[in-house]
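> coords please:
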Amino acid sequence: MAATSASCVVRPSCVTPCSRSPKPRRWVALTVEDNGAGIDPAIRDRLFEPFVRKDTPEVRYDAGKRLSFAYFIITEQHQGHMAVTSDVNVGTTFHIQLLLK
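You can find the predicted model right below:
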């Protein structure tokens, strides 16, 4: 079941086992999307680096360490995957996959 608010949707789902693995693995996928302003491609490419910040008169965006911490925990400590897709003036989607043990 998806949790929904006025501007955000969270969709958990199951991912099919990886056929390239000698032992089949099961993954769970989590997609978080919004219909906000989106993220500029120049910022998006560096979003998971520490201290990413964009200040303009119109926009103040400060990811600080938060997204780099989340990325590290998901990818290094849980052997998962985390990615972001975004279109300016359309919205942003974060894609997270975690290995089920």
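
> from here on, contacts and neighbour counts on C-alpha atoms
Fine.

> where does pLDDT dip in this protein?
Scanning the chain for pLDDT under 70 picks out 1-24, 51-65.

> same thing but at 90, please
The chain contains residues with pLDDT under 90 at 1-29, 36-70, 89, 99-101.

> show me where this structure has helices.
For the chain, the helices defined by DSSP state H occupy 41-44, 66-72.

> in CSV: those helices, plus distance to residue 78 and mean neighbour count.
Below are these laid out as CSV (distance: least, Cα to Cα, whole Å; neighbours: other Cα atoms under 10 Å):
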stretch, distance to residue 78, mean neighbour count
helix 41-44, 23, 13
helix 66-72, 9, 16
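
> adding distance to residue 101, write those out as a markdown table.
Conversion of those to a markdown table gives the following (distance: least, Cα to Cα, whole Å):
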| stretch | distance to residue 101 |
| --- | --- |
| helix 41-44 | 31 |
| helix 66-72 | 19 |
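
> go through those helices and name the closest to residue 88.
Comparison of the helices of the chain against residue 88 by Cα to Cα identifies helix 41-44 as nearest, at 8.3 Å.
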